[in-house]
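Colleague: make a model of this:
(one chain, ligands or ions: 1)
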Amino acid sequence: MGRLDGKVALISGGARGQGAAEARLFVEEGCRVLVGDVLDAEGAALAEELGRDARYAHLDVTSEHDWTEAAALAGRELGALNVFVSNAGISPPAEPITNTSLDDYLRVVGVNQVGTFLGMKAVIPPMIDGEGGSIVVISSAGGIEGTWGLSAYVSTKFAVRGLTKVAALELARQGIRVNSVHPGPIDTAMLEPEAWHGLDVRAGMAAAMPLGRLGEPREIAELVLFLASDASSYCTGAEFVADGGHLAGPFAPHLHGRG
Ligand SMILES: NC(=O)c1ccc[n+]([C@@H]2O[C@H](COP(=O)([O-])OP(=O)(O)OC[C@H]3O[C@@H](n4cnc5c(N)ncnc54)[C@H](O)[C@@H]3O)[C@@H](O)[C@H]2O)c1
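Modeller: Residues are numbered from 1 along each chain as shown. Take a look at the predicted model:
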């Protein structure tokens, strides 16, 4: 028995990184998965790797039209949608607010925040028409605390944490649970030097984590799987953190002459 037997999921931003790890794990657990992304070559290759239980759709999360098409494709080719993972996201390199242009700020809002809102608008009606289900919103530890230089990113990750709670309240009596996931630093393209003006932030971030390392995409996928599955049937409107202990407090044994 798979933990998602018979379910149908749509994962935005699923062509690589955490979304791809979720797609692989979901299919292993008996789910049929529609991967949506703007990285068409990577997304199509992943769907081919996953076989008959997966499809790929070009889905720019800022486009209402793309969302309508993707939700319709899922229903037509895979069956009634009952899981939505709002995972697509972008994170520009750190810059103070005064160096952040309005265009750059709004670009992040468009993908991370508006993309999650549009995704919910597209999937909620078919989920209500079907058997209900689970929506998992990928926020960040940066949706719970601030990070220097990430004004747009942090603002959007706080915003989707709030949106999660509103959706959970609106959908609770319609059989749809909605929860947010808050990963700490995860070893994906988002942390590679190309995404940070050539700076390699990974070793410094790993050292600052109480667990002393970055997270792996599969470790987030396991949490998302729990929330997508019926094992989490009494969880809604809640925040689920997987951050190597980061939000527990500053990791500073050296201040006490240790470590
Ligand atoms: N990596 C981290 O340290 C970290 C930490 C906390 C939260 N997150 C969040 O996890 C999620 C997944 O990120 P990741 O770490 O796998 O990074 P990633 O860059 O590998 O994955 C992000 C995916 O989103 C897709 N995407 C970007 N813009 C899109 C658009 N307009 N429409 C559709 N898809 C789009 C990308 O093509 C990519 O496949 C993001 O929401 C990110 O903010 C990441």
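Colleague: what about Thr68, neighbour count?
Modeller: 13 (other C-beta atoms under 10 Å). C-beta: built from backbone N, CA, C; applies to glycine.
Colleague: apologies, that question was intended for Glu77.
Modeller: By other C-beta under 10 Å, 12 other residues sit near Glu77.
Colleague: the ligand contacts on this structure?
Modeller: With C-beta under 6 Å from any ligand atom as the criterion, the chain comes near the ligand at residues 12-13, 15-19, 37-39, 59-62, 87-91, 111, 138, 140, 183, 185-186, 188-191.
Colleague: next, count neighbours for Gln174.
Modeller: For Gln174, the count of nearby residues is 11 (other C-beta under 10 Å).
Colleague: distance check, it against the ligand.
Modeller: Applying C-beta to the nearest ligand atom, to the nearest Å, the value for Gln174 to the ligand is 25 Å.
Colleague: with adjacent residues omitted, what lies nearest to that residue?
Modeller: Distance criterion C-beta to C-beta, 6 or more residues apart in numbering; nearest residue to Gln174, sequence neighbours excluded, is Ile128 at 5.2 Å.
Colleague: tell me the contacts of that neighbour?
Modeller: Contacts for Ile128 were tallied using C-beta atoms under 8 Å, 6 or more residues apart in numbering; they are 171, 174-176.
Colleague: tell me the SS of it?
Modeller: helix (DSSP: H, G, I helix; E, B strand; the rest coil).
Colleague: distance of it from Met120?
Modeller: Remark: distance between Ile128 and Met120 (C-beta to C-beta, to the nearest Å) = 12 Å.
Colleague: next one: Gly162
Modeller: For Gly162, the distance to Met120 - C-beta to C-beta - is 13 Å.
Colleague: average pLDDT for stretch 193-213?
Modeller: Regarding stretch 193-213, the rounded mean pLDDT is 94.
Colleague: my bad, stretch 131-150
Modeller: Per-region confidence: stretch 131-150 scores 97 on mean pLDDT.
Colleague: so which residues of this protein form strands?
Modeller: 8-12, 32-37, 54-58, 83-86, 133-138, 176-183, 239-242 (DSSP state E).
Colleague: will you turn the ones you listed into TSV that also has distance to Ser229 and mean neighbour count?
Modeller: Shown next, in TSV, are the strands of the chain (distance: least, C-beta to C-beta, whole Å; neighbours: other C-beta atoms under 10 Å):
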stretch	distance to Ser229	mean neighbour count
strand 8-12	11	30
strand 32-37	14	27
strand 54-58	18	22
strand 83-86	9	29
strand 133-138	8	27
strand 176-183	11	25
strand 239-242	13	18
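Colleague: so what touches stretch 243-259?
Modeller: Contacting residues not belonging to stretch 243-259 are listed as 141, 144-145, 182-185, 208-215, 241 [C-beta under 8 Å, 6+ apart].
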